[in-house]
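K.L.:
sequence and predicted structure below; questions after.
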Amino acid sequence: MSSLTPDVSGDSGSCEAHATAGSTPGVERYGQIGQVPKWPAEERHHVFLTRGWTAGVEGAITKRQSYLLARTPAGEVEATAAAYDIGGDALPFFHPRRIVADLRDESLLEHLTADERAPAAAVAERLEAALVTCALSTSPFGFTHNFSATGGKPAILRLVRELGALREEWGADCSAVLYVEERDRDLRAALDEEGYTAVHIGANCVLPIAWDSFDGYLATLSRRRGVLKERRHFTEAGFTVGIEPAEANLDEIARLQARLQEKYGRPYDFEGERAVFVSVLENLGEYAHLLVGRKDGELLAFALFLEKDGIIHVKMAARDTERTAPESFAHFNLGYYEMIEEALRRGAREINYGPEGYATKLRRGCVAQKLYWYVKGPEGVRQDLAEAGRLVSLMHARHLAGLAD
């Protein structure tokens, strides 16, 4: 994430001076989030649709974006969305070629019968060449779409069509809207109407706070003895836990985060990780909170979370792997059990853990909420894209069903 802070000092007139007319009637385009007079159109629970988050990620995945705004005939803002011009070198969770990768993933392919998987390799090869560049709509690093509307499907449909117009202008191979949930009925209907292919790409793991104590949480689990053991080992290891100012601990948490990334094969980048935390605090300071685990006074583990409207999003967490034994279960205590205690203290109604890592999250009480990618490619690969959507959807559905059994 960049450290860009949005310029909201000007009035709506100065912002509108930056607007250009879209190809769709009633739609305006802006090149920077600080120029947009209203964002988002409607405040959803997602902190990832706020102006601050959008400003923080501006420039992080591409140098060209367009912020779209739809107005009513009376001039009221009724829908907003962002579009990003994405190249073939984008991270896989921001690129439709993730679908190609899934078609080649043996751990997913094992969920298909021999007959079902027979066409996968050929379909993947054709789509790989056809889906290189993309006009993409998503909330970068938020793992949600970024359409926001008060005007229902008609307003959303105008922005979906404007995304298609940008695809043509940018010369992109395809257009896509990522991380759409089942409850987003108006958006899904608009995308269906415009000929997008829906692909079930995984799930968002959510822990509803449906109890008033940690004992109430434990009562819902089949593995509560394991949880109690993990909590006991954490305490016996000498850890204490509390909320502390992130600003006062920037160097420590950046170091731990950089080491975590290094563990997963990325270069050690202390300055880069520190810049991410600075950006979060500059753009989302009112929502950001730091839960830390200390031993003998030293910060050895942390979990940074964002809270808005009763929803907690656990965004970054790490531990000192050299000085915390796996048997201390520091990761699970900071990220889950102490986070649940904190959610109860705050009166939160949900903890959002995002996609991936399903087995760990489901075992600790999370519910898997389906996520979809919607992709519209060149006419020549329409059938291939439909077949890929069918196969990838089957693989992910069966994978999640197996974990739930």
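P.N.:
Ah, there it is. If you're wondering where the values come from, they're calculated on a predicted model, not measured in any experiment.
K.L.:
okay, and residue 61 sits in which element?
P.N.:
Assigned by DSSP states H and E, residue 61 belongs to no helix or strand.
K.L.:
domain-wise, how is the chain divided?
P.N.:
12-203+370-404, 210-348 (automatic domain parsing).
K.L.:
tell me the mean pLDDT over the longest one?
P.N.:
Model confidence over domain 12-203+370-404 averages 93 on the pLDDT scale.
K.L.:
how far off centre is it?
P.N.:
Remark: domain 12-203+370-404 is offset 12 Å from the chain centroid, using Cα atoms, centre = their mean, to the nearest Å.
K.L.:
please apply the same query to the last one.
P.N.:
What separates the centre of domain 210-348 from the centre of its chain is 18 Å, taken as Cα atoms, centre = their mean.
K.L.:
measure that domain end to end?
P.N.:
Taking Cα to Cα, to the nearest Å as the measure, domain 210-348 stretches 10 Å from start to finish.
K.L.:
max-length helix in the chain?
P.N.:
Longest helix in the chain by number of residues (criterion: DSSP state H): helix 382-404.
K.L.:
pull out the buried residues from that helix.
P.N.:
Residues of helix 382-404 classed as buried: 384-385, 387-396, 399-400 (neighbour count, 16 or more other Cβ atoms under 10 Å). To be clear about C-beta, it is placed using only N, CA and C from the backbone, and glycine gets the same treatment.
K.L.:
export those residues to a markdown table and tack on distance to residue 215?
P.N.:
Formatted as a markdown table, the buried residues of helix 382-404 follow (distance: Cβ to Cβ, whole Å):
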| residue | distance to residue 215 |
| --- | --- |
| 384 | 52 |
| 385 | 49 |
| 387 | 49 |
| 388 | 46 |
| 389 | 44 |
| 390 | 45 |
| 391 | 44 |
| 392 | 41 |
| 393 | 39 |
| 394 | 40 |
| 395 | 38 |
| 396 | 34 |
| 399 | 32 |
| 400 | 29 |
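K.L.:
hmm, back to that, just the domains of the chain: most buried one?
P.N.:
Mean neighbour count (mean count of other Cβ atoms under 10 Å) peaks for domain 12-203+370-404 among the domains of the chain, with a mean of 19.
K.L.:
my guess is residue 134 meets residue 86, correct?
P.N.:
Yes. Residue 134 is within contact range of residue 86, at 4.5 Å (criterion: Cβ atoms under 8 Å).
K.L.:
what's the overlap in contacts for the two?
P.N.:
95, 172 (Cβ atoms under 8 Å, 6 or more residues apart in numbering).
K.L.:
who's in contact with the most centrally placed residue in the chain?
P.N.:
Geometric centre of the chain, nearest residue: residue 143, 1.4 Å, by Cα atoms, centre = their mean. Residues near residue 143 by Cβ under 8 Å, 6+ apart: 48, 93, 179, 204, 354-355, 371.
K.L.:
try residue 355
P.N.:
143, 179, 202-205, 371.
K.L.:
same list, those residues, but as JSON lines with secondary structure and distance to residue 319 please.
P.N.:
Compiled in JSON lines, the contacts of residue 355 are given as follows (DSSP: H, G, I helix; E, B strand; the rest coil; distance: Cβ to Cβ, whole Å):
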{"residue": "143", "secondary structure": "coil", "distance to residue 319": "23"}
{"residue": "179", "secondary structure": "strand", "distance to residue 319": "28"}
{"residue": "202", "secondary structure": "strand", "distance to residue 319": "25"}
{"residue": "203", "secondary structure": "strand", "distance to residue 319": "26"}
{"residue": "204", "secondary structure": "strand", "distance to residue 319": "24"}
{"residue": "205", "secondary structure": "strand", "distance to residue 319": "20"}
{"residue": "371", "secondary structure": "strand", "distance to residue 319": "28"}
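K.L.:
and the two most separated of these?
P.N.:
Spanning the widest gap among the contacts of residue 355 are 179 and 205, at 13.0 Å by Cβ to Cβ.
K.L.:
phi and psi next, for residue 220.
P.N.:
The phi and psi values for residue 220, taken as degrees, to the nearest 10, are phi -90, psi -10.
K.L.:
is it true that it touches residue 211?
P.N.:
Yes. Using Cβ under 8 Å, residue 220 is in contact with residue 211, at 7.0 Å.
K.L.:
what are the boundaries of the strands in the chain?
P.N.:
Secondary structure of the chain (DSSP state E): strands located at 20-21, 27-30, 65-71, 77-86, 134-137, 148-149, 174-181, 197-208, 239-244, 288-295, 298-308, 311-319, 350-354, 367-376.
K.L.:
possible to save those as CSV with distance to residue 360?
P.N.:
Below are these laid out as CSV (distance: least, Cβ to Cβ, whole Å):
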stretch, distance to residue 360
strand 20-21, 46
strand 27-30, 40
strand 65-71, 34
strand 77-86, 30
strand 134-137, 29
strand 148-149, 31
strand 174-181, 20
strand 197-208, 9
strand 239-244, 20
strand 288-295, 18
strand 298-308, 14
strand 311-319, 12
strand 350-354, 9
strand 367-376, 12
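K.L.:
which among these is found nearest to residue 42?
P.N.:
Among the strands of the chain, the nearest to residue 42 by Cβ to Cβ is strand 148-149 (5.1 Å).
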